[in-house]
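> fold the following, please.
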Amino acid sequence: MRVVVIDDTWPLDRARAILEPCGVTVEFNTEIAGDDVVAVLTYPGGKIGVDVLDTAPNLKAVGTCSTGFDHLAVDALAERGVWCCRVTHFCDVEVVDHTMALIYAVLRGVVMLDGLVREGTWWPYPRAPRPVRGSILGVVGFGAISHGLIQTASAVGMDVRVASEHAAAGDVAAAGGTLVPLDDLLASADVVAIMTSLTDRTRGMIDAAAIAKMRPDAYLVNTARAAIVNHLALGRALEAGAIAGAALDVLPVEPAPADEPALTWPNTIIQPHAAWYSAESDRRSFDDAAEDVARVLRGEEPLNGMSRPA
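Just a heads-up that it's a prediction; the model follows:
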């Protein structure tokens, strides 16, 4: 029996140490084919559809080294008896830290000031840096990472407001925030942080109408998924000066092509989808995915399986 790894950055030695005790061999291969293929390890760029069963009919599990799973046909594969497993909480601390770094960067004008000095300008500044303490942070979404962000931001004196259809006011308050309607959050926040998962319901939820509700001196920070925000509407708002700026760790196409419009937007910080990354989180993402696939091969239920197979 074989486990096929389609990501050539995956540390095969670690995957083998975890999976070979299940009686399988582990190999890198971009082709998923053969009656002996029982599992696949993939990554966000490696789409797995139900058609994989045409070439690997005995597939039992697909593991992705990511929290997002929009690259997997989860429900269709489950109907055909295949577990899809993702990884969770492997980078919670890193995403919170990176999001806070971007919040500090936009409010304190860190990138703007660096650019001025490099251009030979010491004073004056085109806009004044603002204090983080006392600023209003609007967090869209309330999950594990959002919870950590709320705790961290409130600890440094930010007034944290949260919009979530699924959160209870008491749970948000316990984390250090206040539950408010999304429109109220958009209208009041100094910084709007997108922290929700990408679903059919949240896709494009921050559209032109939502952005128009933001204050003209407000910033948008997105370390979640690019598709939650209408990219073109955000660009138009930035170019028109309708909002103060943005910090984006995610883009519609990654890596960013040379003609990515965000690269020319004013007052915009672009990151290479790095909020999740540290050496430790990188290792955890691969190990946790392989360990869940191993559970399936041992006849156990995975910790982070989605849509129980039929």
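> is it correct that Val4 is in contact with Leu41?
Yes: using CB atoms under 8 Å, Val4 is in contact with Leu41, at 7.4 Å. (Glycine included, C-beta is placed from N, CA and C.)
> and Leu137, that's in a helix?
No: the assignment for Leu137 (DSSP: H, G, I helix; E, B strand; the rest coil) gives strand, which keeps it out of a helix.
> ok, now how distant is it from Asn222?
Distance, Leu137 to Asn222, by CB to CB, to the nearest Å: 14 Å.
> find residues that contact each of these two.
Common neighbours of Leu137 and Asn222 (criterion: CB atoms under 8 Å, 6 or more residues apart in numbering): Ala193.
> looking at those two, which is more packed in?
Neighbours per residue (other CB atoms under 10 Å) separate Leu137 from Asn222, with Leu137 holding more: 28 against 25.
> right, and that one touches Leu102 too?
No: if you go by CB under 8 Å, Leu137 and Leu102 don't touch, sitting 11.5 Å apart.
> tell me how far the closest residue in space to Ser164 that isn't next to it in sequence lies from Lys47.
Once flanking residues are discounted, Ser164 sits nearest to Phe142: 3.8 Å by CB to CB, 6 or more residues apart in numbering. From Phe142 over to Lys47 the distance is 29 Å, taken as CB to CB.
> what about the two, which has more around it?
Here Phe142 and Lys47 are compared on neighbour count by other CB under 10 Å; more neighbours surround Phe142, at 24 against 12.
> and that one, what's its pLDDT?
Confidence at Phe142, expressed as pLDDT, is 97.
> now do the SS call for it.
Using three-state DSSP, the structure places Phe142 in coil.
> ranges for the strands of the stretch 201-310 of the chain?
219-222, 245-248, 268-270, 305-306 (DSSP state E, counting those that start in this stretch).
> nearest to Thr199, out of these?
strand 305-306 (12.5 Å; CB to CB).
> tell me which residue is most central in the chain.
Central residue of the chain (CA atoms, centre = their mean): Ala224, 3.6 Å from the mean position.
> who touches it in this structure?
Gly141, Ile194, Met195, Thr196, Ser197, Leu198, Val250.
> which among those count as buried?
Gly141, Ile194, Met195, Thr196, Ser197, Leu198, Val250 (16 or more other CB atoms under 10 Å).
> how close does the residue nearest to Arg203 when sequence neighbours are not counted get to Met195?
The shortest distance from Arg203 to any non-neighbouring residue, by CB to CB, 6+ apart, is to Ala227 (5.2 Å). To Met195, Ala227 is 14 Å away according to CB to CB.
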